[in-house]
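[1] what shape does this take:
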Amino acid sequence: MEEPCGAGAAAPLRGDVEEPKQGSVLFLGGNEVKSSAVVKYSSAPPQAAFARLQEKTDLKLPPANWLRESAKLGPAGTTILGNSKKSKPFSSFGMAYDFIDSVGNDVDVVSDSENIKKLLKIPYSKSHVSMAVHRIGRTLLLDELDIQELFMRSSQTGDWTWLKEFYQRLIDQKWQRKKKSKEHWYQKAILSKFLYYSINGDGAAQPVPSTSKQHQEGPVAGESDEAGRASWPAPFEMPSSLSEDPGASNQGNVPLEPSYIVGHVASAPKEQNLTPLFNDGENSQGLKNDFVRNILWTFEDIHMLVGSNMPIFGGGRYPAVSLRLRDNNKPINVLTGIDYWLDNLICNVPELVMCFHVNGIVQKYEMIKTEDIPNLENSNFSTKVIKDIAQNILSFLKSNCTKEGHTYWLFKASGSDIVKLYDLTTLCEETEDKYQNPFTMPVAILLYKVACNMMLKKNQNKKHYGTIRTLLLNCLKLLDNGRHPQIIASANYMLSELFQLDEPKKEDSTDFPINGNSDESYSEEEEEMPDSDENGSYSNSSDPPDDNKAVAIIKSVGELSVPEKYKSVHRIRPSCAFPVCHGTEERCRLVLNHVLEGLKSVDSSVKKEGDLPAADPSTPIPLKYEDESTSGGPECLEKQMALFLDKMGSFQKGKHSSQSGMIPGSWQYKMKLQLILKSSKAYYVLSDAAMILQKYGRALRYIKLALQCHDTYCCLCGSMLPEVLMFLCQCLTLCGDIQLMLAQNANNRAAYLEEYNYQTKEDQEILHSLHRESRCQVFAWATDLSTDLEYQLSVSCKCYEAAYEILLFSNLKKENPEQHIQVLKRMGNIRNEIGVFYMNQAAAVQTERVVSKNVSTTEQQLWKKSFSCFEEGIQNFESIDDATNAALLLCNTGRLMRICAQAHCAAEGDFKREFSPEEALYYNKAIDYYLKALRSLGKRDVHPAVWDSVNWELSTTYFTMATLQQDYAPLSRKAQEQIEKEVSEAMMKSLKYCDVDTVSERQPLCQYRAATIHHRLASMYHSCLRNQVGDEHLRKQHRVLADLHYSKAVRLFQLLKDAPCEFLRVQLERVAFAEFQMASQNSSAGKLKTLFGALDIMTKTKGAFQLIRKELVAESEQISKDKSPAEGVSPSDSSVGLNKEEVLKLLSIFESRMSFLLLQSIKLLTSTKKKIGGINEEEVVLKTNKQVYSLLLRATANKGLTLLERTDLILNLLEQLAPNSEGSNGGIQ
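    Here you go, the predicted model:
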């Protein structure tokens, strides 16, 4: 709410933020000045009308109510004889603490109205000016620096001797304390009595309720000196909150410690809960805002937060007037006029009432409008000049008071025209301890509070991060760890909070502009360049000898009246920018650096330090390296997991312990918890980043540190918050991922071990701090780097199980469904990995086993382990409806069943081997699992690759089973017909799941498999036909089936370009099948037809022989090529995959069958020719066949021919036969 001073509205609460009202423009003496005032806080009661005293009232006589507490006068009543005009040395800080939102941003100056008036009167006044100036962002805090009082204190305590010596050497060599005159006290007394008469006109004392007791500050007249001195805090004393006795009352002279920043590490400001810095009891140290009014005064373009105690009365034509007492014999001078005018402007009071007296006897009253004050007789002044003075002084100070945290001293000696500005912080550090400056602590706290306030709003605008960081770094520069561990820890924690660990990987440069964002905060390192002459002369070559100590000088106060003589320098400072981190690691390292500083502060303030062994930061804490010989294997892990989960359960019950003796609930305890949690998060992010870079050793080291931090947090914390448990779940999940990757990349183990054992000094120091509270061994089972593959896989699995257990017992499953699904997926995956590991081990044992031996118990144990892992994994995937992964695990279980079947097959080592029932059982189980996998997927669209893979495995299983039954027929148990039927069924099912049409990488394999199945079926029916006697219908059926499957096999083998031998074998079997049919034929015509059919089959093998020839030529070329540059390269190194033995064998059979067929055809054709007589087509065929037969006989007789030559010959013969066979076929038909 807005309230012009003097209105009787209720005062807003201190710290309420209000919109300033529009400036009211006053036309004063022809000069236009804009001024507006908004009361931000007021403790004054509603305005009371003042009592007009009768003429001749004697003000030397005290009224009955004199010096009694008065709500109407507020502090002005009781302090009027004491130090009402004397500003408290930290008055601006009290206001700044209450209106922290304004500091650093909106307001240019925070000060007591008396100080503002003193500055604006500099060109008119000869009196001395001594003020302390501090910069916080763009705001300047001005406080009176009472040199007289300071040096009195110095004489008593020995403090500030450096400043006293400096002052005497530089300014006033004959310094001595000046005592106030009797006249001064006389004037004070009659003013006080006048005010008491004015609020109580009848002169009777009225008891006033002590509503303003909290504002009583001042002593009575005789105590004024002591009162002034008492407002100064001691330069530095150890606050009692850090004294040896924790129960000691807080007697410290300086309010040092902030209340602890409570809050769990999270981005949202509502969780930040940054509490106020001071307790109420600390406000008695002179840092309290003890003004009756705090006013936001805008004078032209200058925004000021001003404290005022001026009594305001109601009455007359105006809602508010100020009351003044004047000696009629002394005319009003310019200084008094400016004083009255500024007071009324600041408080927005429209009228001034002056009471004139002579020697204490009231003469008359006069009312003057505020805008008329500058035109009073003897007191003429230009308001425009006052405005210029204000702008020049502000510009001068802003340009030169550039370093946050430094105390600047604005000084003008009495009667001098020169104004000088010194940097007391620099001077103090050159001579003595910086803590001899009593402003150090209030400034540090204010910097801290402004940063806290901005931190609460940090999510609204990231561009303020740079400012917050600068404020906190400047705050830390002023603090001593031994004296202020709590603020240092809090500031470091806040600095660590500025770096968002969960940000996306790439930094958005627009969030953190490199060149800073405003003039809100200035570089603490950068030196200010002197302005050019047009902006004011800051020459160092002034008359006094030591003037080079001054930061800046105004050579003549007259310069301040020149419009825009001084211009403010608002340069954008690079240090205000938030540091742009070029990667996750850099960001985390900055966080950890601040966390470490915070931990050091906490640890240094905790008692019982002597009870702990001194930690030497240079000695690394050993990262325990597990060897498989000592690890105890997965069984040991089970126990460790049980202990861990038991401990997790105990956290829920609220047990906690600190080895260092921290008291639960103390600021150290709360702060350490937050710092530890922050470090844990930083290490987690580092681990995750290392994981992405495939630096698995480094990732394991970081997750070990993250879990060690978490372990310490758990030891300290009574109850685990859901978000902390959730974070632990994420850590364990990541740890499981890392252990799995280490297991899968065992060949790089040496490099990973080196990464794992490396430690930075920072990490060691953080670990030392953790070891003060806990042994950090709860998660040791999860973070050891083992060399045993099985152990690593088991650890990974246990990590996921632990994460799952946390989700279960903390009821986080429903709140974090995504995390729950991720953990179950990982559990399913690791169980698959372990199942495959045991399955491969079983296969390896089986390979090493002697053929005749039975299945060993080791194998059976491995099967059981593998099977249970697959089963659990399938349950995990099914529980989250992950059909694809469930199908893959079912597929792997099918593969395990096939390995079991193979193991039982190997057991039958003798030559009478038959397909055993155990084999059949396991193959059928495998088939069941593959079919379940297909049912799990439902249709191919769900995941084509997995669907095709399962189909292929199913086809393979049927094919293997059929092949084994065919090759090792169990005739001792089953009839031949039944076996043939089962083989046929299994082969047809294998064909059903063998997809020859879909174009894929597996298509040639499928085509080869299908061709082989047709070939085997054809061979089986061919064999049945040979061995079968009797049932003609069945024989005919077998003949048709054999013919059908042979032709299908041929068609498929023809599609393949890399199976010439298989094609040749099938064709030769077809020829044999034709020969078998011919044997049972009686007529010559029938036999001839069959013969020509067989020769036709022979000629169709030309393509196969061409492929064989091509391979042989390529091979011979490769051999000659290899021999020429370097001898001794074996032909086996060539990439040709032709089986020469197979080719030779097939070629010999081919030659013999061809020879036989040609001979038979010649015989048959000759006999038919004799019968028919005459020349026809058959004679041509006969002639060709004789010629080919002759060439073939010669070739077979020549044993010296190479394989390539023989192949060429066959190709040549087939070329000759080809047209004839076609023609003869036509002729015969």
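[2] give me the sheet partners of the lengthiest strand in the chain and which way each runs.
    Longest strand in the chain by number of residues (criterion: DSSP state E): strand 31-42. Counting by DSSP bridges, the strands paired with strand 31-42 are strand 24-28 (antiparallel), strand 293-299 (antiparallel).
[3] per-stretch mean pLDDT over those strands, give me the minimum one.
    The weakest mean pLDDT among the strands paired with strand 31-42 belongs to strand 24-28, with a mean of 44.
[4] check which helix or strand residue 592 maps to.
    Residue 592 is part of helix 584-605 when elements are defined by DSSP states H and E.
[5] can you tell me the SS state at residue 710?
    Secondary structure state of residue 710, per DSSP: H, G, I helix; E, B strand; the rest coil, is helix.
[6] also residue 453?
    State at residue 453, reduced to three classes by three-state DSSP: helix.
[7] residue boundaries of the strands in the chain?
    Going by DSSP E, the chain shows strands at 24-28, 31-42, 109-112, 129-136, 139-144, 293-299, 302-308, 312-315, 318-327, 351-358, 361-369, 408-412, 419-423, 550-554.
[8] possible to save those strands as a markdown table with distance to residue 1040 and mean neighbour count?
    Glycine gets a C-beta too; all of them are placed from N, C-alpha and C. A markdown table is the format used below for the strands of the chain (distance: least, C-beta to C-beta, whole Å; neighbours: other C-beta atoms under 10 Å):
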| stretch | distance to residue 1040 | mean neighbour count |
| --- | --- | --- |
| strand 24-28 | 116 | 15 |
| strand 31-42 | 108 | 21 |
| strand 109-112 | 109 | 26 |
| strand 129-136 | 103 | 23 |
| strand 139-144 | 105 | 24 |
| strand 293-299 | 108 | 24 |
| strand 302-308 | 107 | 23 |
| strand 312-315 | 123 | 20 |
| strand 318-327 | 122 | 19 |
| strand 351-358 | 128 | 18 |
| strand 361-369 | 129 | 14 |
| strand 408-412 | 113 | 24 |
| strand 419-423 | 112 | 22 |
| strand 550-554 | 114 | 22 |
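[9] out of the ones you listed, which gets nearest to residue 744?
    strand 129-136 (56.0 Å; C-beta to C-beta).
[10] run me through the strand neighbours of that closest one, direction for each.
    strand 139-144 (antiparallel), strand 408-412 (antiparallel).
[11] can I get those strands in JSON lines including distance to residue 840?
    What follows is those, written out as JSON lines (distance: least, C-beta to C-beta, whole Å):
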{"stretch": "strand 139-144", "distance to residue 840": "72"}
{"stretch": "strand 408-412", "distance to residue 840": "77"}
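[12] dump the ones you listed to TSV, plus distance to residue 1142 and mean pLDDT.
    Putting the strands paired with strand 129-136 into TSV (distance: least, C-beta to C-beta, whole Å; pLDDT from 0 to 100) gives the following:
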stretch	distance to residue 1142	mean pLDDT
strand 139-144	96	90
strand 408-412	101	88
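[13] quick one: which of these is nearest residue 456?
    Using C-beta to C-beta, the strands paired with strand 129-136 put strand 139-144 closest to residue 456, at 18.2 Å.
[14] residues making contact with that closest one?
    Strand 139-144 is contacted by residues 86-93, 96, 102-105, 107-112, 114-116, 119, 130-135, 394, 397-398, 401, 439, 446 when judged by C-beta atoms under 8 Å, 6 or more residues apart in numbering.
[15] cool, stretch 977-987 as well?
    For stretch 977-987, the external contacting residues (C-beta under 8 Å, 6+ apart) are 958-959, 961-962, 965-966, 969-971, 974, 1013, 1016-1017, 1020, 1024.
[16] out of these, which are buried?
    Buried residues within these, counting neighbours by 16 or more other C-beta atoms under 10 Å: 958-959, 961-962, 965-966, 969-970, 974, 1013, 1016-1017, 1020, 1024.
[17] now, those that are in helices?
    Using DSSP state H, the members of those that fall in helices are 958, 959, 961, 962, 965, 966, 1013, 1016, 1017, 1020, 1024.
[18] check which helices and strands the helix holding residue 592 sits against.
    helix 485-498, helix 667-692, helix 761-771 (3 or more C-beta pairs under 8 Å, 6 or more residues apart in numbering; DSSP states H and E).
[19] out of these, which is closest to residue 918?
    helix 667-692 (45.2 Å).
[20] quick one: mean pLDDT over the closest one.
    91.
[21] ditto for stretch 1064-1081
    84.
[22] just the CA atoms from it would do, formatted as CSV, please.
    Listed next in CSV are the C-alpha coordinates belonging to stretch 1064-1081 (Å, rounded to 0.1, in the frame of the first residue of the first chain):
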residue,chain,number,x,y,z
LEU,A,1064,25.4,-82.2,-58.6
ARG,A,1065,24.7,-84.7,-55.8
VAL,A,1066,20.9,-84.3,-56.2
GLN,A,1067,21.1,-84.6,-59.9
LEU,A,1068,23.2,-87.8,-59.6
GLU,A,1069,20.6,-89.2,-57.2
ARG,A,1070,17.9,-88.4,-59.7
VAL,A,1071,19.9,-90.3,-62.3
ALA,A,1072,20.2,-93.3,-59.9
PHE,A,1073,16.4,-93.0,-59.3
ALA,A,1074,15.9,-93.1,-63.1
GLU,A,1075,18.2,-96.2,-63.4
PHE,A,1076,16.2,-97.9,-60.6
GLN,A,1077,13.0,-97.2,-62.6
MET,A,1078,14.6,-98.5,-65.8
ALA,A,1079,15.6,-101.7,-64.2
SER,A,1080,11.9,-102.5,-63.6
GLN,A,1081,10.9,-101.6,-67.2
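[23] any buried residues in that stretch, and which?
    For stretch 1064-1081, burial by neighbour count (16+ other C-beta under 10 Å) applies to 1064-1071, 1073-1075, 1077-1078.
[24] which residues touch it?
    Here stretch 1064-1081 has contacts from 1015, 1018-1019, 1022, 1025-1026, 1039, 1042-1043, 1046, 1049-1050, 1053, 1087, 1090-1091, 1093-1094, 1097-1098, 1100-1101, 1104-1105, 1146, 1149-1150, 1153, 1156-1157, 1160, using C-beta under 8 Å, 6+ apart.
[25] are any of those buried, and which?
    1015, 1018-1019, 1022, 1025, 1039, 1042-1043, 1046, 1049-1050, 1053, 1087, 1090-1091, 1093-1094, 1097-1098, 1100-1101, 1104-1105, 1146, 1150, 1153, 1157, 1160.
[26] narrow these to those in helices?
    Reading helices off the buried ones among the contacts of stretch 1064-1081 with DSSP H, I get 1015, 1018-1019, 1022, 1025, 1039, 1042-1043, 1046, 1049-1050, 1053, 1087, 1090-1091, 1093-1094, 1097-1098, 1104-1105, 1146, 1150, 1153, 1157, 1160.
[27] ok so, going back, can you tell me which of the strands paired with strand 129-136 is nearest to residue 152?
    strand 139-144 (14.9 Å).
[28] so the closest one versus strand 302-308, what angle?
    40 degrees (axes from the mean of the first three to the mean of the last three C-alpha atoms, to 10 degrees).
[29] looking at the buried residues of stretch 1064-1081, which one is closest to residue 661?
    Of all the buried residues of stretch 1064-1081, residue 661 sits closest to residue 1065, with 87.9 Å by C-beta to C-beta.
[30] contact partners for residue 1060?
    1103, 1104, 1105, 1107, 1108, 1111 are the contacts of residue 1060 under C-beta under 8 Å, 6+ apart.
[31] can I get the strands of the chain in TSV including distance to residue 746?
    Formatted as TSV, those follow (distance: least, C-beta to C-beta, whole Å):
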stretch	distance to residue 746
strand 24-28	82
strand 31-42	70
strand 109-112	67
strand 129-136	59
strand 139-144	62
strand 293-299	70
strand 302-308	68
strand 312-315	85
strand 318-327	87
strand 351-358	92
strand 361-369	94
strand 408-412	66
strand 419-423	64
strand 550-554	66
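[32] please identify which of the ones you listed is closest to residue 1121.
    Closest among those, once you apply C-beta to C-beta, is strand 129-136, at 84.9 Å.
[33] got a list of contacts for the closest one?
    89, 92, 96, 103-104, 115, 118-119, 122, 140-147, 397, 401-412, 419, 421, 424, 439, 443, 446-447, 450, 471, 522.
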